[in-house]
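Participant: One predicted model, sequence on top.
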Amino acid sequence: MSTVKHLQQIMGPDIQDIADPLQDVVEQALAVASHSGASSAEVDASLSQGSSLTVRLGEIETIEHNRDKSLSLTVFFGKKSGSASTSDMTADGIRDTVEAACSIAKLTAEDDCGGLADADRMATEFPELDLWYPWNPDADTARDLALECEEVARQAGDAISNSEGATVSSHEGVGIYANTHGFNGIRYGSRHSLSCSVIASDGDAMERDYWYSMARDRSEMQSAEDVGRIAGQRTLDRLGSRKIATCQTPVIYEAQVAGSLLSHLISAISGGALYRKSSFLLDHKGKKIFPEHINISENPHIPKALGSAVFDNEGVATKQRPIVKDGVLMDYALSSYSARKLGLQTTGNAGGVHNLMIEHGDKDLPALLKQMGTGLLVTELIGFGINNVTGDYSRGAAGFWVANGEIQYPVSEVTVAGNLLDMFRSFVEVGDDLDKRGNIITGSILLEQITVAGE
Amino acid sequence: MSEIMELARQRLLEPTALGDQELDRLMSQLLSNQVDYADIYFEYSRHESWNLEEGKVKSGSHNIDQGVGIRAISGEKTGFAYSDELALPALEQAANTARAIASGGENSQVAVCWKGESNRALYAAIDPIGTLADRAKVDLLERVEAEARKQDARVSQVMASLSSVQDIVLIAASDGTLAADIRPMVRLSVTVIVDDKGSREQGTAGGGGRFGLTVFTDSDRALQYARDAVQQALIKLEAKAPPAGMMPVVLGHGWPGILLHEAIGHGLEGDFNRKGTSAFSGRVGEKVASELCTVVDDATLPERRGSLSIDDEGTAGQNTVLIEKGILKGYMQDKMNARLMGVAATGNGRRESYSCLPMPRMTNTYMLAGESDPEEIIASVDKGLYAVNFGGGQVDITSGKFVFTSSEAYMIEKGKITYPVKGATLIGSGPEVLTQVSMVGSDLELDHGVGVCGKDGQSVPVGVGQPTLKIDQLTVGGTEV
C-alpha cells in the first residue's frame, strides 16, 4: 500500500528493514486465516526496540536492552470471533496462532455487533505526523546524561540524602495493522525519556519526588540539568510535610496530576462503559457536564505529539473533534463494536483517544494560586479510588497548603474526595502551564471545592 | 532428573537443540568479563481466556510468549538483555550485550558445576488450559451468569471471565543453580451491574490459584463468586456517603490484608532497604507494630496464587517472618540484594517474565491469627468504619504513606454495624499503622486468589490475608465532614 512506499522516501532504509519483515508476517497471517475458512480477519504485527540505562549515586546501576515483537490477530467466522497472539513470527508460529484463534471462534457465540470496522471508515489519507526520531544513544552518552542529571538533583540542597537514580531511555517501534477489507497501514514512532528521583531527609522523615522529560524527538527533551534541578527542588519542597484538618476547600490539581481528571472523563465516555451501562456519564451526550467556559478536544494529528495517530486499532481514520464544547458533552469515544451496540458510529477510538487537550487561560500556576487564595495544591495522587459507575472519587494526595495565594507548607497523608460529576461542574480555571508529556495535555486546574480528609 | 526438569527441558531446550554443553558455553561466555553472578532464564508461557457478557461468551483469546532473559551482575551493576528466540545465536548475542556491564579481564570462576536440587512442589505440574474441555469452560461461564441473574431482578449486566495460564521456567545461574518449575494459574472473575430505577452500582468477586479448572466445576466456588458480586453491588446501592477524617477502623478478614501488602510489605523488600530508601530501612530489631502483630510472607502454601516452589532465581520458596510480635525481623530478598546486604536470599526474587529483571517481591503476605472474637472487635468501637472488601492500594515506600480503597464498608455506631457506606480511600503511614492495632481476631483467612502486585512496571500474582483486626486511628477519605 502507498503508505509503506511513502515511508521509504522519508525514513530511509532503517525503518524499512523493520517494516518489510512485518509486512510479510501480516500478509502470511491473513492468507492463512482466509485459507482456514475465516470470513474476515484482522492482524497486527509490531516490533519495538530500545534500551534504558540507570545510574544511582554516581555509578551505573543497570543497562537494559529491549526488543519485543508481537503478532496478534482476530478471525471472524460470520458473526463469531476468536483472537490469539504470539511472539513467534515464524511460519509455524503464524499457523499455530491462526489455528488457536479459529478454534476459539468455533465456540464463541454469534455476536451481531462483531466484525471488522466498516470498510468505508478505513483511513484513506496518511498525513506524515513526524513521529520518527530514533536516537539509540550509546552507553557512554546515556551514562553521561544520567550522571549529570542525578548530580544536579543531589546538589539541589544539603537535605538531599539519597537517590533512586536517574534513567535515560530510548525506544522506537513499528507496527502494521491490516485486515481483509484490504486495509494495510503502518504506524511508527520513537519515544525518549530522562527521569530522576531523589530523597531528602529531615531526622527520621524521608520524602521522595521525581521529575521526567519525555519526547518523540530527543532534541525536544528538557536538559539533564533542568530535569535534575526540578527533581531536586520538588523533593526538598516536600520536607516537613504534615496532615491538615479535615475540611472542604478549593483545590488546584497541578498540571501533572490534572490529566488524571480528564482520564476519568475518557473512561466514562468510552463505549465499553456506556454499552455496559457502567458509566456515570451514561446518557449525558448533549448535556452540560462542565461550566460553560470549558472546551475539550481530541487532536490526533499534531506533529510530534505523543498521542498522535492516523488510524485507530481497527484502521478507522482518526479525526480532530470537540469532545466538550462550551461545557456540553458533544461526543463519546467509541470503537466500531461499542458504536454498533449503542446504535452509533465509531469515533475512531478503538484503543483509546489521541491527544486530548483542554482549552486553557493565560494564568500560570502562581497566578492560579493567587486566584484560589486559600486551599490545597495537589501535586501527587496515589491509589485508585474511582467508581466509574457512580463517579464517586476518593484518592490519597500530597501537596501544599496555600493561604493568601502563597504556598505555606507541604501536606501529606490526606485524601481528596467528591463525585466526579460535581468536580467537573466545579472547574474554575485551567492554567497555561501545560504538561505535554503524555496523551492528555492540560495545565493546572482550579476546582471550586473538594473534601479533604486529614486529622 | 526430576520430572519437572525433564518437562521443562523438553519445552525450552530441546526444540532448538540446546543441551548442557550449550548452557556451559553460554555461561562461560557470560563469565568471561568480571562478572560476579550471571543467570539465564528460559520461559514458555501460554495463556487462554474466555469472556462472557450479555449472556454470551462472545470472545476468547490465546497467547503464547516465550524467550530467554540473560543477566550479568558486577558489584551493584546489572546488565540485562533478552531474546524471544530460543536459538543459540540469539542467546549468544544477548549474553554479549548483558556482560558488557562488567569490565573485561579474567574472572576467577571459569566453569560452573550445576547443582540440580529437587524442591518440594507446591502445585501440580499441569497445563490448566487442558484440564477442562473448551465447551465446558463456556458452560461454566454461562452457569455463573445464570446464578448472578437469579439472585435479583435488578441485575442488569453480568460480565464473567475465565483465564488459565501455564508458565514453564528453567533457570541456570553461575552459582550452580539449575532449576525448573511448571506453574499453573487459573482465575475466574465476575462483575455485575445492578440497576434500581436508574441508580446503578457494580460488584466484583472472583478467585483462583495454582490448580486446574475443575476446582470451579467440582465445587460451588464459581457460583459463590456470582452471589458475592451481586450481594456487594446491592449493598452499594443502599450505601450512604462515607465519613471523612480520623477514626477507628475495623478491617474484615481475608482480602483486607492488602493493608499488610501496602503498609509494610513493599517497605520490607530488600532492594529498597539495601539502598536505604524505605521508611523501614535499618529498623530490623525495632518495634514497628503492636505486639499482637506477627506477619509473614509465605510462598509455601500449597496451590495458592502467590505460592512458588522456587522463585525466579531458583531459590526454594520459603515462609519468612517479617514481623514477630511487633518486632521487625527481616526483609524479603532476592539473590543480588541478599549478597550485597550479607544475608541469605529468602526466595522472593521474582520477575514478570523473561523480558524483565528479577527483584524482591512478595508472595503470600499475611498476619497470623490473634485471640479476639471478631464480634467483640466490632462491639468495642463507639464510632468508626468496618471495611470488609477492598479495591486496590498503593504506597510511597520512602515516606511510608500508603492508601487502600474500600469497596464495601459499613459504619459502626455504639458497637453495632448500622449502615453501608460508599467506597473510600483509607490513608496512613506504614511504620505507624500497625502500632495502632489494638485487637486481632481469631479468624485468619486468606484471600480468594485475585491479587496482582505492580512494581516498576512489572506485575506478579500475589496473595494476602489477615484475621479481623482493629486499628485505633486511621484517616478515612470520605466526603461527610
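Facilitator: The structure has been received and is ready for your questions.
Participant: so where do the helices sit in chain B?
Facilitator: Secondary structure of chain B (DSSP state H): helices at B:3-12, B:20-30, B:88-99, B:134-151, B:214-217, B:221-238, B:258-260, B:270-275, B:335-341, B:374-379, B:430-433.
Participant: Hmm, B:Ser459 is touching B:Gly451, no?
Facilitator: No - B:Ser459 lies out of contact with B:Gly451 (C-beta atoms under 8 Å); the separation is 10.3 Å. Placement of C-beta: from N, CA and C, glycine included.
Participant: Check the helices of chain B for me and report the most buried one.
Facilitator: Compared across the helices of chain B, helix B:258-260 shows the largest average neighbour count, a mean of 29 (mean count of other C-beta atoms under 10 Å in any protein chain shown).
Participant: Mind listing residues that contact that one?
Facilitator: Applying C-beta atoms under 8 Å, 6 or more residues apart in numbering or on different chains, the contact partners of helix B:258-260 are B:251, B:295, B:365-367, B:390, B:392-393, B:404, B:433, B:451, B:464, B:466.
Participant: what stretches of the chain score poorly on pLDDT?
Facilitator: All of this is about chain A. Counting by pLDDT under 70, chain A shows low-confidence ranges at A:1-13.
Participant: actually chain B
Facilitator: Applying pLDDT under 70 to chain B flags residues B:1, B:105-110.
Participant: do that again at 80, thanks
Facilitator: Scanning chain B for pLDDT under 80 picks out B:1, B:103-112, B:116-119.
Participant: Could you report the neighbour count for the residue of it found nearest chain A?
Facilitator: Residue of chain B nearest chain A, by C-beta to the nearest C-beta: B:Gly477 (2.6 Å). The tally of other residues near B:Gly477 (other C-beta atoms under 10 Å in any protein chain shown) stands at 32.
Participant: Bridged to the residue nearest to it when sequence neighbours are not counted, which residues?
Facilitator: Among residues not flanking B:Gly477 along the chain, A:Thr415 sits closest, at 2.6 Å (C-beta to C-beta, 6 or more residues apart in numbering or on different chains). Under DSSP bridges, the beta-bridge partners of A:Thr415 are A:Gly396, A:Ala453.
Participant: Can you narrow the contacts of helix B:258-260 down to the ones near chain A?
Facilitator: Applying C-beta under 8 Å from any C-beta of the partner chain to the contacts of helix B:258-260, one finds that B:Gly392, B:Gly393, B:Phe404 fall near chain A.
Participant: Next, the contact list for the last one, please.
Facilitator: Taking C-beta under 8 Å, 6+ apart as the criterion, B:Phe404 is in contact with A:Gly383, B:Ile258, B:Leu259, B:Glu262, B:Phe390, B:Gly391, B:Gly392, B:Gly393, B:Gln394, B:Thr425, B:Leu426.
Participant: Not counting sequence-adjacent ones, nearest residue to it?
Facilitator: Of all residues not flanking B:Phe404 in the chain, B:Gly393 sits nearest, at 3.3 Å (C-beta to C-beta, 6+ apart).
Participant: go on, the first one?
Facilitator: Closest residue in space to B:Gly392, ignoring its immediate chain neighbours: A:Phe384 at 4.4 Å, by C-beta to C-beta, 6+ apart.
Participant: And B:Ser459 and B:Gly451? Which one has more around it.
Facilitator: Neighbours were tallied for B:Ser459 and for B:Gly451 using other C-beta under 10 Å; the higher tally belongs to B:Gly451 (21 against 12).
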